[in-house]
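Engineer: I'd like to go over a predicted model; first the sequence, then the structure.
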Amino acid sequence: MTTTFYKYQGTGNDFIMIDNRSLFFPKEDQNLVAFLCSRRFGIGADGLILLENDASLDFKMVYYNSDGKEGSMCGNGGRCIVAFAKFLGIINKTTEFMAVDGPHSASVNENTVRLKMQDVEELKSKPNALYLNTGSPHHVQIVSGLEKFNVAKEGSKIRYGIYGESGSNINFVEQVTEDTFRVRTYERGVEDETLSCGTGVTAVALAMHYLGKLKDNFAHIIALGGQLKVEFDFENNTYCKVHLNGEAKQVFKGEISW
Ligand SMILES: N[C@@H](CCC[C@H](N)C(=O)O)C(=O)O
């Protein structure tokens, strides 16, 4: 079978994007998804995203990590599927779509997408870290010397050590200015460092505010793959009106036989 696929990237987090409104794609085939995401044998990506019809919203997002397994919410992927929906002519400048963690609204302007994330009520203390779920689970830990930090090695130790088989994404963060932070992320399901993680940088911004490191209700986050802005309100001990802003670009269209 031959499939037309697209590649999108959101601050270096890259995804195979497939229009699956006809439901042709065998989504239960984990080996196929892992093959397509393989950077040596397939197309290569951190994840694969299916755009499908939804009964009440503009479309539905189904996300798979590069290990082939269906994942939790992907923030960068959410920004990319909004750009893809606009490219397909499904939406114009605003949308509301369904994802694994519920409905998301978003707006798109040129290559920038502003995505509303779910509210966050609970942040748990861990040794030298915080743990919270922004649609995916995230461990947030402040480190010094982030540039030379062995993210793959230390991230894997924490991901399997503290969080076991179900795991978590692991974010290491260093404050740059009062509202700017550098972040590097070990991503569950990729089982390596990625160039950015949208739900991860969202978790970092909220965690830094919770710890009193961030006084404003927004943060600029510098990831290896680019810069993202996170905005939020804090009301009744809940982080709400959380938005993730950044670039999302189509980088390739192709066909693959499988
Ligand atoms: N890169 C994504 C996160 C995708 C899911 C994550 N790997 C997990 O399994 O929790 C993002 O941009 O949020």
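Structural biologist: On my side now, so go ahead.
Engineer: so who does E121 touch?
Structural biologist: 237-239 (CB atoms under 8 Å, 6 or more residues apart in numbering). From N, CA and C alone the C-beta is placed, and that goes for glycine too.
Engineer: who does G47 bridge with?
Structural biologist: G47 forms beta bridges with F15, N65, as assigned by DSSP bridges.
Engineer: And for it, the neighbour number?
Structural biologist: 25 (other CB atoms under 10 Å).
Engineer: swap in P127?
Structural biologist: Neighbour tally, P127, other CB under 10 Å: 7.
Engineer: so what's the backbone phi/psi at F41?
Structural biologist: phi -110, psi -10 (degrees, to the nearest 10).
Engineer: quick one: what helix or strand has the closest residue to it other than its chain neighbours in it?
Structural biologist: Leaving aside its chain neighbours, F41 sits nearest to F35 (6.2 Å; criterion: CB to CB, 6 or more residues apart in numbering). Element membership for F35 (DSSP states H and E) is helix 30-37.
Engineer: now that helix: mean pLDDT?
Structural biologist: Averaging pLDDT along helix 30-37 gives 97.
Engineer: now the helices: where do they sit in the stretch 101-250 of the chain?
Structural biologist: Remark: helices assigned in the stretch 101-250 of the chain by DSSP state H, counting those that start in this stretch are 151-161, 198-210.
Engineer: To the ligand, which of those helices lies closest?
Structural biologist: Of all the helices of the stretch 101-250 of the chain, it is helix 198-210 that lies closest to the ligand, at 3.2 Å by CB to the nearest ligand atom.
Engineer: Does the ligand have contacts with that closest one?
Structural biologist: Yes: using CB under 6 Å from any ligand atom, helix 198-210 comes into contact with the ligand via 198-200.
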